[in-house]
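Q: dropping the sequence and predicted coords here.
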Amino acid sequence: MSFTQRLGRTLRTPLGVVAMFAVFALLVVAIIGPIFWQDTADRVDTTAIGQRGSAEHWFGTDALGRDIAARMLVATRLTLELTLFATVIGAVGGFVLGTLPTVLGARAARLVTALVNLLIAFPTLLFVLFLAVVFGVGTYGAVLAIGIGIVPTFARLVQNLAASVAGADYVSAARILGVGRFRLIVRHILPNIAEPISLFLLQTGAGVLLAFSGLSFLGMGVQAPDYDWGRLLNEQLNRVYTHPESAVGPAVAIVLTGLAFNLVGEVLSQAGGRRGLRPTPDRDRRALAPTPAGTTSVTAAGGAGADDGEPAPLLDVDRLRVTFPGGHVAVRDVSLSVAPGEAVGIVGESGSGKSLTALAVAGLVPYPARVTARSITFDGVDPTANTGLGTSLAMVFQDPMASLNPALTIGRQLSEVAEVHLGHNRTQAMKRAVDRLRAVRIPDPEHRSGMHPGEFSGGMRQRTMIAMGLMGEPRLVIADEPTTALDVTVQAQVLALLRDVRETSGAAVLMISHDIAVVSQVCERVVVMYAGRVVEELPTSDLVTGTAHPYTRALIGAVPDMRTDRRLPLVTIPGRPPAPGEDTSGCPFAPRCEFATDRCRTEEPVLRGTDTRRRVACWHPVTTPAEEKTKSP
Amino acid sequence: MKSFTDTRHNPWVTFTLRRLGRLTVSLALLVTASFAMIHLVPGDPVRAALGLSASPELVEAREHALGLDRSLPDQFGSFLTRLLHGDLGESIGAQMPVADVISDRLPSTMQIAAIAFATTIVVAIPLGMAAGVLTRDGRRRRLELAFVGTTSVVAVFPEFLLAVGLVALFGAQLGWLPVALKEGPESYVLPVLALAIGPVAALSRIVRVETLRVLDEDYMRTARAKRLPTRILYLRHALPNLLTSSLTLGGLMLAGLLTGTVLVENVFAWPGLGMTMVQAITQKDYPLVQGIVLVYGTLALLINFAVDVLLAVTDPNSTIRES
Ligand code: SF4
């Protein structure tokens, strides 16, 4: 976007209007101020010396009876002029020093960079004061001092910008073509960095204004009989106790002008979309209408707990929905149950809603998303209420590198669970932590519990995560992609450990993975998710021969042999899943399905139980012995 | 198993050495510049300091006393030698050794700077963290707007205007606090506030962003999954992870805060180095200005060096990022 376009857009925002108006008003006052109020400002009135603010003299009068308000208006021009001069000096100096490294030879370039680095190490104020002494106290000295004082900061910025541009192809091309150095800067580099520099100039202008006022205030800038705002403040300071308004007036003028400059810079850079936009994927307006048809998409046949012979499920989720603001439904009416001690896997591509389902069950869905469900029960309570759950539900997250706190020792991260939930004291809790680390086969756990996660290998970290879950007495372990970040051998170890944990603790496992092969190594039952829905559910033993949904088929087809390298991306199914918020009427898999018919594209298939252990949502399930059953009522 | 910290050469030792080199060069530049200052000032510094009425003999005698009649390399040499012995020359105005003036005034400046720095850290970190926790994941948009708006406005206020505002409000209007001179503990309040308000705004703003970053980390989700009490969640799991970066940025503000005393002291007539410096400049007492520039500059360089090295020790990754 060009600068003019940006300017135009800025003028349409309320903040932009305010900022622009403020600058415009300042310019007008600067131009007409001395013309209209010069006489008033200079008129010495011995009858009105040191008066308070009144209707006649807004900010009172000074020691010679001159009107302070008029003097402020007149001083606007000088204040802005000096600001402008100093900024120009700083900008030109900074620009020259900043672009030099780009066009000089390597050695000279390094020298210039080193010089800038050296100068920038000193606080600007100190540098300016030093220069002010060298150039002599007074207006010109102050302009030079501040102008040169900001050169290092400016040079650093230009240097960084120019370096990024100088690496660009067109600059190299120009260089090869023998474009002269000066021309290179003016024609090729300057236009490309003009915009960020002009924004920075506005901020610098604000800084210069404040610095100049500071110098004048110290009596080192503008000298009587001239006056800028800082000088006025200096003259009125000793009256601040008696007539604060006469000192506050110039101070407010300085602050407001500084703010106006900053505001314009801010607004301009915002209009360009430089910042302020949060990358939330859920702002999609297209998804405003969640289909009411979704409510009918689950039949009672699939619901667990209807069968009398089976034990009450440990986890029972009925029509779980995760909705983002804006209407995107990431998880759509998912029903799911896990029996005590059972291992169930949820498989799907990224974006299928499988991880959100797991997080929802644990009550950990990130903020703007909303979780609704007809019911969620875990071990008799609602886990999303986040109370009374204790340690019966343990989570093992993917990427153990990021999931362990780098600032705390391993032992501490484990023991706090026992302290908080089991009422252990520190020693007991630490003992249990060491014991659990040993249980997940961390070598030398006494020593290692004192280490930080950074000192652990990836596999050890993932085992630590599992040990963390074992600190309490978990009845369900939810493992979200527990092996994704690990190499094959370590993957196998972690999977073996999970199986082991299940056997020894009797806990149920809910395992989330994009990898059907990983899931099938641990779980008895697999739930396949696509675009936020459950599309098929079946026993692991049926995976090879008994899949009915074309998507599951494709998933398995993508893993020709269950023992192939699992690090390879699983999905080689042509096409892509619907984007978040993309409107899918009919079967969400239809665009990628080789069996799709017109019906598939208009009507969403419902999830039906094909027998007590299997469910599928497809109008044309692939031929298997189970096929007839879908047609029966 | 090989420990993570075992690298072939320790990167932060190299880093510290390099920084030490840069510090040395900066100090050399500072010393040279402060020496050169007295020769760069327009006109005759001694004449300017003594006034037009001073007799030529007096000027000459003073020039001789200051060594200004000798050759430049000669002067620089003796300047360095005296510097090594802690001798900063003789103040023209005060008629006493510059070193004595400085050691008399420096403590007052260091006191308000140190208290202001401590205040900044103690206030800004909890404030920024609270703001971060309250506005996490885009909650409470209006509070976020108010916080970011207020802090960014306050952060651009220069210290001396804050100081004037504080004097007008607390000293003149309300009459609660002393507004000038160093007399008793209450007299510290306003100078410290004037110095600290800007850094508090700037730092708390950064701490809030840091807090948001940390709260977004996977390990915070792990901590939530453990169903820890809120207090443990934020104080034990989040705080240590944002402390290093927050303290570093706070440390980088310390040098600016120190030089900010120049302006603030002049508002409050605080008998510190800053007020002395401005007096010395207006009185053209160049040896004194020279000495004070050296002290301020050295302090600023040392602070930045210390912060850099501390950061390198506590967070080795940042060292690698830098090089
Ligand atoms: S419903 Fe149709 S489009 Fe969807 S999976 Fe079945 S056959 Fe394919």
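A: That came through fine.
Q: how about the residues of the stretch 101-250 of chain B that lie near chain A?
A: Within the stretch 101-250 of chain B, the positions lying close to chain A (CB under 8 Å from any CB of the partner chain) are B:136-139, B:152-153, B:156-158, B:160-161, B:164-165, B:167-169, B:171-173, B:179, B:217-219, B:221-229, B:232, B:236-237, B:240-241. Where C-beta positions appear, they are placed from N, C-alpha and C, glycine not excepted.
Q: mind running it again at 6 Å?
A: Counting by CB under 6 Å from any CB of the partner chain, the stretch 101-250 of chain B comes close to chain A at B:137, B:156, B:158, B:160-161, B:164, B:167-168, B:172, B:218-219, B:222, B:224-226, B:228, B:237, B:240-241.
Q: out of those residues, which are buried?
A: Among these, those classed as buried by neighbour count (16 or more other CB atoms under 10 Å in any protein chain shown) are B:156, B:158, B:160-161, B:164, B:167-168, B:172, B:218-219, B:222, B:224-226, B:228, B:237, B:241.
Q: filter those residues by proximity to the ligand?
A: Counting by CB under 6 Å from any ligand atom, the subset of those that neighbours the ligand is empty.
Q: so which of those residues sit within strands?
A: When DSSP state E defines the strands, the subset of those inside them is empty.
Q: sort out for me which of those residues are in helices.
A: Among these, the residues falling in helices (DSSP state H) are B:156, B:160-161, B:164, B:218-219, B:222, B:224-225, B:241.
Q: buried residues of the strand or helix carrying A:E195, list them for me.
A: Per DSSP states H and E: A:E195 is located in helix A:190-217. Buried residues in helix A:190-217, counted by 16+ other CB under 10 Å: A:190, A:192-193, A:195-197, A:199-217.
Q: swap in stretch A:249-258?
A: A:249-255, A:257-258.
Q: hmm, that stretch in reach of chain B?
A: Yes. Using CB under 6 Å from any CB, we find that stretch A:249-258 touches chain B at A:251, A:255, A:258.
Q: now that stretch, how far from the centre of its chain.
A: Its chain's C-alpha centre and that of stretch A:249-258 lie 35 Å apart, by CA atoms, centre = their mean, to the nearest Å.
Q: could you give the mean pLDDT of that stretch?
A: For stretch A:249-258, the mean pLDDT works out to 81.
Q: coming back round to it: near chain B at all, the helix holding A:E195?
A: Yes. Interface with chain B: helix A:190-217 contributes A:210, A:214, A:217 (CB under 6 Å from any CB).
Q: compute the inter-axis angle for that helix and helix B:159-166.
A: Between helix A:190-217 and helix B:159-166, the angle comes out at 50 degrees (axes from the mean of the first three to the mean of the last three CA atoms, to 10 degrees).
Q: how near is the closest residue to the ligand within the stretch 1-150 of chain B to B:M129?
A: For the stretch 1-150 of chain B, the residue closest to the ligand is B:D137, as judged by CB to the nearest ligand atom, at 35.0 Å. Going from B:D137 to B:M129 by CB to CB, to the nearest Å gives 15 Å.
Q: same check on B:L301?
A: With CB to CB as the criterion, B:L301 and B:M129 are 31 Å apart.
Q: the two - which one has more neighbours?
A: Counted by other CB atoms under 10 Å in any protein chain shown, B:L301 and B:M129 do not tie: B:M129 has more neighbours, with 24 against 21.
Q: residue contacts, that one?
A: The neighbourhood of B:M129, defined by CB atoms under 6 Å, 6 or more residues apart in numbering or on different chains, consists of B:207, B:211.
Q: so it is in which element?
A: Using DSSP H and E, B:M129 falls in helix B:98-134.
Q: list the buried residues for that helix?
A: The neighbour-count check on helix B:98-134 (16+ other CB under 10 Å) flags B:98-99, B:101-102, B:105-106, B:108-109, B:111-113, B:115-117, B:119-121, B:123-125, B:127-133 as buried.
Q: and the ligand, which of those reach it?
A: Near the ligand, by the rule CB under 6 Å from any ligand atom, you find none of the buried residues of helix B:98-134.
Q: mind checking the SS state of A:I346?
A: strand (DSSP: H, G, I helix; E, B strand; the rest coil).
Q: pLDDT wise, what is it at?
A: At A:I346, pLDDT is 94.
Q: so what pairs up with it in the strands?
A: A:I512, A:V527 (DSSP bridges).
Q: ok, it to A:V518 distance?
A: 12 Å.
Q: please say which of the two ends up with more neighbours.
A: Ranked by neighbour count (other CB under 10 Å), A:I346 and A:V518 place A:I346 first, with 28 against 25.
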